[in-house]
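S.K.: need the 3D shape of this:
(chains A and B)
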Amino acid sequence: MEALQLLWHGFEVLLTFKTLSLMMVGLVLGIFVGVLPGLGGPNGVAILLPLTFTMDPTSAIVMLSCIYWGALFGGAITSILFNIPGEAWSVATTFDGYPMAQQGKAAEALTAAFTSSFIGSFVAVLLITFLAPSVASFALRFGPPEFFAVYFLTFCSFVGLGKEEKHKTIISMSLGLLLTAIGMDTVSGQLRMTFGSDNLLRGINFLVAVIGLFGISEILLTMEERLALRGHAAAISLKVVLRVWKDLPKYWATLLRSSVIGCWLGITPGGAIAASFMGYNLAKRFSKDKDSFGKGRIEGVFAPETAAHASGTSALLPMLALGIPGSGTAAILLGGLMVWGLNPGPLLFVEHKDFVWGLIASMYLGNLVGLVMVLSTVPLFAAVLRVPFSAIAPMIVVSCAVGAYAIQNAMFDIWLMLLFGVVGYVFKKIAIPLAPFTLALVLGNRAEDSFRLSMIGSAGDMRVFWSNGLVGTITTLALLLLFWPLLSAALERVRRSMA
Amino acid sequence: MSEPTEEPRAVASTRAVDIAVSLLLLAFAALMAWDNWRSGAGWASDGPKAGYFPFYLSLLLGAASLFGLAKAILHRAGSESPFVNRDQLRRVMQVLAPTFLFCLLTQWLGLYVASFLLIAGFMRLVGKIAWWKSLLTSLLFTVAMFVTFDIAFDVIMPKGPLESLLGF
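M.R.: Numbering: from 1, shown residues only, chains lettered A, B, ... in the order given. Got it, this is the predicted structure:
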């Protein structure tokens, strides 16, 4: 049980006054960010990232991941009390959560949401604890071709499995990859696409882009829609909590099913959004009383929340073990790792044991503390939503600017953030997906490096991507996923002509 | 949300924006492809040259935008949904224009003074909140930001004449 020993060591790293207080700060900030309209997990983490630049990596990641947990919990508050999903994956929570609040059962719904978030994340953290080290040690055998094949697989699965129009996914991805190539070429040192500009020399920082794409554009969209906030008040008493918890064993099948779906979709880049809807739909399908869903059934809160959080948490597994983020927020945390000078990927488990196990331990502790905290402070955070949006909007703009500037101390980045804000707004409105763009921005350089190193190694022979069983399987799988829509259409036609 | 009885006039249709964005992306792809071709998009003795990867990416981007352009032009029926109507555009500009001014002011006055002006001005002019509330909220927020970033976490923001007057 080496994992348990290392985990124990992780808790020792964690249990200092400083880290624990950073954890609390992170959770409060996170819930705050999750509750505010127009902000959510990824934006919140991106904007608050600069706070951690002067910290040591372990404290930094503990605080950031706590911001993330906090934001996840906070998202449920707005979905249930205000019928506004803080995140796309909270949409399914509103189906039954808001009706419950309307019936005066807001406290039950919130308790159910927080508890199931906790359960979902807990299952995912267990998975990370025991699976991540083996995945990482397996991946230690990877060379450049294997890594490129894995990146390729990630990109292909977005194109093949995404629900958006294919050409829009490709636009978003190739634009992201192209933007990361701006600046100095890491292999030859040559300047690319800078057009003589000193500012472009540094390249386009991924975090600046994310702050604009998510933070600023979200403010623009929120303004356009003119959100009217009308919510229900709620305070959670211990009696309600205990009552909901007492009934918990009745729903074990739903909880287990949603956790499994969530973990699976989190590790493969299917994402928390798909997971929450799938969790909800399956709970409905297996239920004896299908019609009561959507009218305020507590199971309808348990199912999507468990799945979303299992997925959001397990998305950190491929990030830690392979250096491939499974979600937008994981991508930003990955950006953070690079800022602190850590190289995400399998070597992390060997070279930075303290860091990795400190992070994993903080997932356990952060979740538990977060649960207690949200249960006791809901009224306080719900009050945040009564602050007028015209006060919150400029504050978010300022926070975004601070975040963008702090990354490289460059005024140019503030302008870049504004530009990306407008781009994000337009892209969202014409349904060009932003997730592949973010993924491309964070993985672009690594994908290119691994491609070129493979090419240098094989003297330009593309067959290197089929040179052994492992890399061959991954590459073939990637191509299959890429052409999956065509393949499935062809299969369908064959089946129809047979019938 | 309650719909207004008469839908305000659309400023642009989604299809028009689709076409405009495709054209812009196409132009961007062409520019990038040209620049990468110039830096060398072929093979050197030790593998692909610096422009190889981005060159083919710009081709991919160009092809996908061309597809999007063709689709938007050919697919007329049903895609005439409005991109943004006049009221919406006005509200978006209400936040976009001040943000632009804020970025501009940050260059001369420093981030904190600009942020004070942005928040107070926005709350008063857009939110119609009382002057004293706007000024007080803005002041408190700006000071809190200054203490958090510049003092507690040592993250230095751009400063202007006011800060140098106060000796920071």
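
S.K.: any stretches of the chain with poor pLDDT?
M.R.: In the absence of a named chain, chain A is used. Within chain A, the segments meeting pLDDT under 70 span A:1, A:37-41, A:85-88, A:226-234, A:268-273, A:326, A:385.

S.K.: chain B is the one I meant
M.R.: For chain B (pLDDT under 70), the answer is B:1-7, B:76-80.

S.K.: quick check: longest helix of it.
M.R.: helix B:14-39 (DSSP state H).

S.K.: do chain A as well
M.R.: Counting by DSSP H, the longest helix found in chain A is helix A:106-139.

S.K.: in that helix, what's buried?
M.R.: A:106-129, A:131-133, A:135-136, A:139 (16 or more other C-beta atoms under 10 Å in any protein chain shown). (Each C-beta comes from the backbone N, C-alpha and C, glycine too.)

S.K.: go on, stretch B:117-133?
M.R.: Applying 16+ other C-beta under 10 Å to stretch B:117-133 flags B:L117, B:L118, B:I119, B:A120, B:G121, B:F122, B:M123, B:R124, B:V126, B:G127, B:I129 as buried.

S.K.: what about it, how long is it end to end?
M.R.: In terms of C-alpha to C-alpha, to the nearest Å, the two terminal residues of stretch B:117-133 are separated by 14 Å.

S.K.: what about it, distance to the chain center?
M.R.: 23 Å (C-alpha atoms, centre = their mean, to the nearest Å).

S.K.: any chance you could list what contacts it?
M.R.: With contact meaning C-beta atoms under 8 Å, 6 or more residues apart in numbering or on different chains, stretch B:117-133 is reached by A:388-391, A:393-395, A:397-398, B:94-95, B:98-99, B:101-102, B:105, B:109, B:134-135, B:137-139, B:141-142.

S.K.: for the buried ones among the residues you listed, write the corresponding ChimeraX selection.
M.R.: To isolate the buried members of the contacts of stretch B:117-133 in ChimeraX, using 16+ other C-beta under 10 Å:
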select /A:389,390,391,393,394,395,397,398 /B:94,95,98,99,102,105,109,134,137,138,141,142
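
S.K.: whatever helix or strand comes next after the longest helix of chain B close to chain A?
M.R.: For helix B:14-39, the succeeding helix or strand toward the C-terminus, using DSSP states H and E, is strand B:43-44. Yes - contact of strand B:43-44 with chain A (C-beta under 8 Å from any C-beta of the partner chain) involves B:W43.

S.K.: just checking: what are the partner strands of strand B:43-44?
M.R.: Each strand paired with strand B:43-44, and its direction, by DSSP bridges: strand B:47-48 (antiparallel).

S.K.: which residues sit in contact with residue 99?
M.R.: Using chain A. Neighbours of A:P99 in contact, by C-beta under 8 Å, 6+ apart: A:G294, A:K295, A:G296.

S.K.: correction: the question concerned chain B.
M.R.: Residues near B:T99 by C-beta under 8 Å, 6+ apart: A:I216, A:V397, A:L418, A:G421, B:L118.

S.K.: just give the number of residues close to A:R141.
M.R.: The local packing of A:R141 (other C-beta atoms under 10 Å in any protein chain shown) involves 9 other residues.

S.K.: what's the spacing between it and chain B?
M.R.: To chain B, A:R141 is 23 Å away according to C-beta to the nearest C-beta, to the nearest Å.

S.K.: how near is that residue to A:A307?
M.R.: A:R141 is 33 Å from A:A307, where distance means C-beta to C-beta, to the nearest Å.

S.K.: just the endpoints, please. Distance across stretch A:202-218?
M.R.: In stretch A:202-218, first residue to last residue: 27 Å (C-alpha to C-alpha).

S.K.: same question for stretch A:400-414.
M.R.: End-to-end distance (C-alpha to C-alpha), stretch A:400-414: 9 Å.

S.K.: what of stretch B:122-130?
M.R.: 11 Å.

S.K.: again, but for stretch A:284-304
M.R.: 11 Å.

S.K.: domain parsing of chain B, as residue ranges.
M.R.: Split into domains by automatic domain parsing, chain B comes to B:11-84, B:86-166.

S.K.: what's the PyMOL line that selects buried ones from the contacts of A:P99?
M.R.: Here is the PyMOL command that selects the buried residues among those (16+ other C-beta under 10 Å):
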select buried, chain A and resi 296
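
S.K.: from the contacts of A:P99, which is closest to chain B?
M.R.: When those are ranked by distance to chain B (C-beta to the nearest C-beta), A:G294 comes first, at 19.7 Å.

S.K.: now do the contacts for that closest one.
M.R.: A:F95, A:D96, A:P99, A:G300.

S.K.: can you pick out the most distant pair from the contacts of B:T99?
M.R.: Spatial extent of the contacts of B:T99 (C-beta to C-beta) is set by the pair A:G421 and B:L118 at 14.6 Å.

S.K.: before we move on, the earlier item: how about the domains of chain B in CSV, adding distance to A:T58?
M.R.: Shown next, in CSV, are those (distance: least, C-beta to C-beta, whole Å):
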stretch, distance to A:T58
domain B:11-84, 35
domain B:86-166, 16
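
S.K.: right, I'll leave it there.
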